[in-house]
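In: I need the structure of the sequence given here:
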Amino acid sequence: MMMYYVPIVHNTSEKMLFNKGFYKVFAISLALFSVSTSANVAVSDAFIRAPIPGTENTAAYMTLSNKSDVVRVLVAAKSNIADKVEFHDHIMTNGTMRMVKKERLEVPANSQLTFQSGGLHVMFIGLRTPVEKSVEVSFEFQNGDVEVVTLPVRSVHHEHHHH
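Out: Sure, this is the predicted structure:
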């Protein structure tokens, strides 16, 4: 059991500093607890594409395997390397391929959802830091579970193309 000792704080700036520190510790504790609860979704064949020099966006691909008997709904993704992380898909509209944002994705019970080039993918928008050897991404599910995954960085030159 964790115990917190609450100091007696007299002025507002000290209260604000204490509150920020306490809530960071609390949020980290919650996140660590949540990671271990989503074992029903496995991530495989995952990687993030090394961004083309001079660009501010990149994408990640993987397969999510739902090993449970219920649909798992993916509602968000976050990473400290980008301003925004979104789910996108490509659709054909009037003979033109368009990329569209998906607010949520369902991973069917006892099934898989594949993120691949030219289809469903995780989009990292507004890169803040260089994309080095690996990137940590948090996937959030509708039921509150969080799955934290470390994605290796792969150059576009190393991808396999199937025709």
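
In: Please count neighbours and contacts with C-alpha atoms only from this point.
Out: OK.

In: State the distance from residue 48 to residue 103.
Out: Using CA to CA, to the nearest Å, residue 48 is found at 20 Å from residue 103.

In: Can you say which helix or strand has the most centrally placed residue in the chain in it?
Out: Of all residues in the chain, the one closest to the mean position by CA atoms, centre = their mean is residue 77, 3.1 Å from it. Element membership for residue 77, per DSSP states H and E: strand 72-78.

In: Pull up the pairing partners for the helix or strand just after that strand, direction included.
Out: For strand 72-78, the succeeding helix or strand toward the C-terminus, using DSSP H and E, is strand 82-93. Sheet neighbours of strand 82-93, with direction, are listed as strand 96-102 (antiparallel), strand 121-127 (antiparallel) (DSSP bridges).

In: Output the ones you listed in TSV; the columns should cover mean pLDDT.
Out: Below are these laid out as TSV (pLDDT from 0 to 100):
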stretch	mean pLDDT
strand 96-102	93
strand 121-127	97
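
In: Of those, which is nearest residue 66?
Out: Closest to residue 66 of those is strand 121-127 (CA to CA; 17.2 Å).

In: how big is the angle separating that closest one from strand 72-78?
Out: 20 degrees (axes from the mean of the first three to the mean of the last three CA atoms, to 10 degrees).

In: After strand 121-127, which helix or strand is next?
Out: strand 134-141.

In: Packing partners of that next one?
Out: Helices and strands touching strand 134-141, as assessed by 3 or more CA pairs under 8 Å, 6 or more residues apart in numbering; DSSP states H and E, comprise strand 72-78, strand 146-154.
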